[in-house]
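Novice: got a predicted structure plus its sequence, pasted below:
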Protein chains: 4
Amino acid sequence: MVKVGIFGATGYTGVELIRILSKHEKVEIKYLSSQSYNTKAISDVYSSLIGFCDKVLEEVDFQKAMSECDVIFTALPSGHASKIAREAVKKGVKVIDLGADFRFDDYSVYKEWYSGDYEDYGDIKRVYGIPEIYRDDIKEAQVVGNPGCYPTSVILGLMPLLKNGIIEGNIIVDSKSGVSGAGHNPSYNNMYAECNENIKAYNVAKHRHIPEMEQELSKIFGEKVSVVFTPHLAPMTRGILSTMYCKLKKDMDVNTVYNIYTDFYKNEYFVKVLKPGNYPATKNVYGSNFCHIGFEVDKHTNTLIVMSAIDNLVKGASGQAVQNMNIMFGIEENTALDIVPIYP
Amino acid sequence: MVKVGIFGATGYTGVELIRILSKHEKVEIKYLSSQSYNTKAISDVYSSLIGFCDKVLEEVDFQKAMSECDVIFTALPSGHASKIAREAVKKGVKVIDLGADFRFDDYSVYKEWYSGDYEDYGDIKRVYGIPEIYRDDIKEAQVVGNPGCYPTSVILGLMPLLKNGIIEGNIIVDSKSGVSGAGHNPSYNNMYAECNENIKAYNVAKHRHIPEMEQELSKIFGEKVSVVFTPHLAPMTRGILSTMYCKLKKDMDVNTVYNIYTDFYKNEYFVKVLKPGNYPATKNVYGSNFCHIGFEVDKHTNTLIVMSAIDNLVKGASGQAVQNMNIMFGIEENTALDIVPIYP
Amino acid sequence: MVKVGIFGATGYTGVELIRILSKHEKVEIKYLSSQSYNTKAISDVYSSLIGFCDKVLEEVDFQKAMSECDVIFTALPSGHASKIAREAVKKGVKVIDLGADFRFDDYSVYKEWYSGDYEDYGDIKRVYGIPEIYRDDIKEAQVVGNPGCYPTSVILGLMPLLKNGIIEGNIIVDSKSGVSGAGHNPSYNNMYAECNENIKAYNVAKHRHIPEMEQELSKIFGEKVSVVFTPHLAPMTRGILSTMYCKLKKDMDVNTVYNIYTDFYKNEYFVKVLKPGNYPATKNVYGSNFCHIGFEVDKHTNTLIVMSAIDNLVKGASGQAVQNMNIMFGIEENTALDIVPIYP
Amino acid sequence: MVKVGIFGATGYTGVELIRILSKHEKVEIKYLSSQSYNTKAISDVYSSLIGFCDKVLEEVDFQKAMSECDVIFTALPSGHASKIAREAVKKGVKVIDLGADFRFDDYSVYKEWYSGDYEDYGDIKRVYGIPEIYRDDIKEAQVVGNPGCYPTSVILGLMPLLKNGIIEGNIIVDSKSGVSGAGHNPSYNNMYAECNENIKAYNVAKHRHIPEMEQELSKIFGEKVSVVFTPHLAPMTRGILSTMYCKLKKDMDVNTVYNIYTDFYKNEYFVKVLKPGNYPATKNVYGSNFCHIGFEVDKHTNTLIVMSAIDNLVKGASGQAVQNMNIMFGIEENTALDIVPIYP
């Protein structure tokens, strides 16, 4: 049994980790920390977990966590995970960080975008945690920087095109996210009466996920990719739909594109390529670790429009984190993640 | 392996059966019928099922279904199941009906409320399918009349009180249901723009679930129970919350009531009694087979207010149907149903 | 022109007052206070108001407000309005309080339920602000205690029955409210991801609106009325639907009840009695000052079920406050309030 | 008084026309047709209209309509309005068509995209009804082709840029619409359980509004404009947000762009340009005839991102139709349209 600890267990990614891990046949949840709710049982905070995980939340205690756990999931504000990771690695405890601390190849980019002034990674074996790209590296990683929700949807959607060099490197990405992406701390941004019957953009061309996307897409493409990125808040709890506008280098019909995608993802369990004419909908991946991809060719402008849908809390966060954990511990990759999307 | 067929596979209860059964380790789905979509794969109709169930939908064919299946789920308009059941029973095929055809002890009540003019049950061994009451009978049943969504929430909420005789037999039930309860056929009643930002009552004091509730509650109570019932349509997809107003026969505090409930349900996996001060919320059972029950005592009127929450498509329909199937086939009762509610 | 000030202009009832008053032909908005946003224009906080009210928000300054205004609306936490009112009355400035400070005939009831320890009203001419009951008194009032949202829906729904003495005095009220009723301060109770796809009761049998309802209903009935009250939070922004269960003293059919209602409300502009068979829906009064009332008789239990729908922010708060202001200043009662509900 | 008739009064644009016109001081509603509900009062179909418009719906009767009305609004399926208009014009009755029959300069484009095989306009004086472009022509028009909802949001958003020639002519438009845009006829596309908690694209690069946008944008620009257009269905009732990606011809900062917009729209009552840093939200124009526009410059790609928000049923349909009527009849343009958006 893999012994697991979670720092930040009562945030939405924390509770989603517990939903998944409490049914994982090879995992034992040993440690849950929460600043706001410690001494309460997690199932007293989230009644959905009654009977599945009734563990008591504890104060943050690194030493305790590391002595009890084989792997720690950190779901904390920027900057906290890097400190924990350094310690953990020394003791042979693996870390999967759901924040941004370990997502960047170039630490100065991280510092610039996240205004963080933390130590560099040093010689920690960190990997960017998209299994569909870095599966082999993840197997050996000490620390995984679990990708952002938007980058996951965008990278999976564009990878086959960039890898095959059939589109230009300047891409427009228009993403729509559910409100759970705004986290579990109450604020005007995630209030019901402000979000309901409302759609709006935020952080236009300034979102912190831009350098993350550009880093990974550029490596895939082999040359610099630039992304114009507009995230929107949509009136729903879960889900991200990214609509991506790509310039085709030469004429291409949907069937050719379809074949490129299906070939590229033929061995990927969690990526489903929809048949031409079908477009992804966030509801079709609700509660699951799947990414649905569809596309259309606009012949009159030679534009390829790619759409990808994920559940932001699963493939966009906690599900992918468990997928990474499975890989790191040699467990079958879809263990505990083989959840059928809930529809309707 | 239990071989399963579903008549009416593309309705919301049909697709929910498939979501659950496709992960059932002791079940093989052999037959799916659909009038509207036959020759299409179910996963072409519901993309959420891609990879989990890609079976092709067939025309209705009783003989084929019965020759291939050990059990048939019928999710059809009133009156259709009884005909199928008569045939099935002859061939030793069990039937679980998600409609109302087999819910009534007195067939004339059914005819009156459902304007049906069908043959009587005859000597078929039918059982009303609430396992928490009729588990032993269900084991032996040929045909199970799977309960209505509202009655399930109401019966589970009131049973411990009526069994212990601590309330009067005239009860007021105010229920709120998600729109999926209005089915998969488009109509003004289930249109987005009509239901969103809207709450309203319907079929006030006239809903067909009234005689069903009164039948079962009266048997539990040992004397006639009358129910004033107002169902409401709430702007959400899934979930039923029933708020029930009961006259206490004598003074009683919440802790005493709590003890009565916890004792009554101590062996029931799918019923969770919330600690005093906690009230059920539909979101806490979303996508799961659980029923959450809470209560409060209004001392100034000596009224006991009981609230119960279920997912109308799971414990209120398809989940309970699978629970019944498990019991009928000697399979552990929570197999494939041990799904953690999705929150948020 | 009536010169108007608003204390607490940036809460949801404050901004709703401005929506209505900015189109009031006999009103000039002179003063808006806000603790959180002072020095900003109200239209910088709420873009919906651009061009309609671009007034700058000011710090709380009683003296300034009173020297500039003929009437002050107070939309503040409990206890603040009574202090302001005492001063205002001395200077001949009228006060309409959207809080609870002036709702109670017996100040000790207020203190008990709101844990307030404020001075008594003394000889201020205060009136409970339901025009449909107290129109004549409101004309002469110095201070109006604007009713709570739930009591408005309940009192309007039950008044014709109690006045005519056709029901018993013990009534069950099951209300469903939109989330805007939980106010503009972010908290777990009004977060999108917590409220969406969710319905739940809160403050069961303990809500502060109970003594307010009982006070007014008892006066109407002429003897003590007791109310069992369960408020629910429904996944919508606006609207209250109250479903009320009344014991009929003798047999009565819906048409008789309909005639009682239509006769009772024949001169009331803002109360619409729906024809038998039609039930109110919150969406049908969205954004308007109307109250829709419908009902059904359950013959098998001799129960009369009454349903009333209002927009909690309009007839349940700011609209009724403006209605009161119109009466107090001899302006035609529906001025600025003759807004057609928005549907869909 | 302008005497008004509406063909197709019970669709969502029909009922929205009635909401607006019933408060129009210079309009008398004389005639309402409905195929599905004739002989019922409109307020029996839509309770929101009780007391505002209780007119009885009539069968379609051109002669009657034309003999009683000065202007007819047609809210009908494609192809029906052109026949009516020909007759109306002969009798001096003006027509405002909320469908697509009169939107195209080149009738063959209409035929191609709408598969219609109708007579050409002949010498009818038709005008495309965006007042912000064609105000003077609308004054003289016999027939107005009221613009599509998406084109309205897009044309208003891009016009200042194209008129000033500061962007390239190939533009990417990503629009999000509320479900009321899918009309009042029940179908899978507008069912609650299908749309709630869901966002998805439809008619990608194939939507009929593309040629309409390109026609108008090209005229403004003076050369061919091409639009890549992806409409999305968002889980809300009302509202369109269009996010538009434009290539700047040369470097430009947001303030310069802001000045161009404010100068361009300085005399337009219904267009509000938001200050830099503020982005439009559909909720801020809910129920109103306003268009809110905001923008951001992405310096690293020299892309100008423009966002515009309208209420699809008001500025995107019925409100704009009334605005056109006001212009055609010499009535002040914002009469009956000066509605404050409802927030929250």
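Specialist: Structure received.

Novice: going by C-alpha atoms from here, please, whenever you check contacts or count neighbours.
Specialist: Noted.

Novice: show me where chain A has helices.
Specialist: Ranges of helices in chain A, per DSSP state H, are A:12-21, A:42-45, A:62-68, A:80-90, A:107-114, A:131-140, A:149-163, A:192-195, A:209-221, A:254-264, A:319-328.

Novice: chain center to the longest one: distance?
Specialist: Relative to its chain's centre, helix A:149-163 lies at 12 Å (C-alpha atoms, centre = their mean, to the nearest Å).

Novice: any idea of the angle that helix forms with helix A:319-328?
Specialist: Inter-element angle recorded for helix A:149-163 and helix A:319-328: 60 degrees (by axes from the mean of the first three to the mean of the last three C-alpha atoms, to 10 degrees).

Novice: so helix A:149-163, near chain D or not?
Specialist: No - figure legend: helix A:149-163 not in contact with chain D (C-alpha under 8 Å from any C-alpha of the partner chain); closest approach 14.1 Å.

Novice: contacting residues for A:C53?
Specialist: Residues near A:C53 by C-alpha atoms under 8 Å, 6 or more residues apart in numbering or on different chains: A:18, A:22, A:42-43.

Novice: give me the distance between it and chain C.
Specialist: Between A:C53 and chain C the distance, using C-alpha to the nearest C-alpha, to the nearest Å, works out to 20 Å.

Novice: tell me the confidence at the one residue in the stretch 201-344 of chain A that gets nearest to chain C?
Specialist: Closest approach between the stretch 201-344 of chain A and chain C, counting by C-alpha to the nearest C-alpha: A:T237, at 5.3 Å. If you check A:T237, the pLDDT there is 98.

Novice: and for whatever residue of chain A ends up closest to chain C, the neighbour number?
Specialist: Distances between chain A and chain C by C-alpha to the nearest C-alpha are smallest at A:Y192, namely 3.8 Å. If you count neighbours by other C-alpha atoms under 10 Å in any protein chain shown, A:Y192 ends up with 30.

Novice: how far away is the closest residue to it other than its chain neighbours from A:R238?
Specialist: Counting by C-alpha to C-alpha, 6 or more residues apart in numbering or on different chains, A:Y192 lies nearest to C:Y192, which is 3.8 Å off, once chain neighbours are set aside. Distance of C:Y192 to A:R238, given as C-alpha to C-alpha, to the nearest Å: 11 Å.

Novice: hmm, back to that, tell me how far the residue of chain A closest to chain C lies from C:L248.
Specialist: A:Y192 is 39 Å from C:L248, by C-alpha to C-alpha.

Novice: now do the contacts for A:G51.
Specialist: By C-alpha under 8 Å, 6+ apart, the neighbours of A:G51 are A:S43.

Novice: go again using 10 Å as the cut-off
Specialist: Counting by C-alpha atoms under 10 Å, 6 or more residues apart in numbering or on different chains, A:G51 touches A:22, A:43, B:269-270, B:272, B:340.

Novice: out of the residues you listed, which are buried?
Specialist: Neighbour-count burial within those applies to A:22, A:43, B:270, B:272, B:340; the criterion is 16 or more other C-alpha atoms under 10 Å in any protein chain shown.

Novice: report how many residues lie close to the residue nearest to A:R126 when sequence neighbours are not counted.
Specialist: Excluding its sequence neighbours, the residue lying closest to A:R126 (C-alpha to C-alpha, 6+ apart) is A:V143, at 4.6 Å. By other C-alpha under 10 Å, 28 other residues sit near A:V143.
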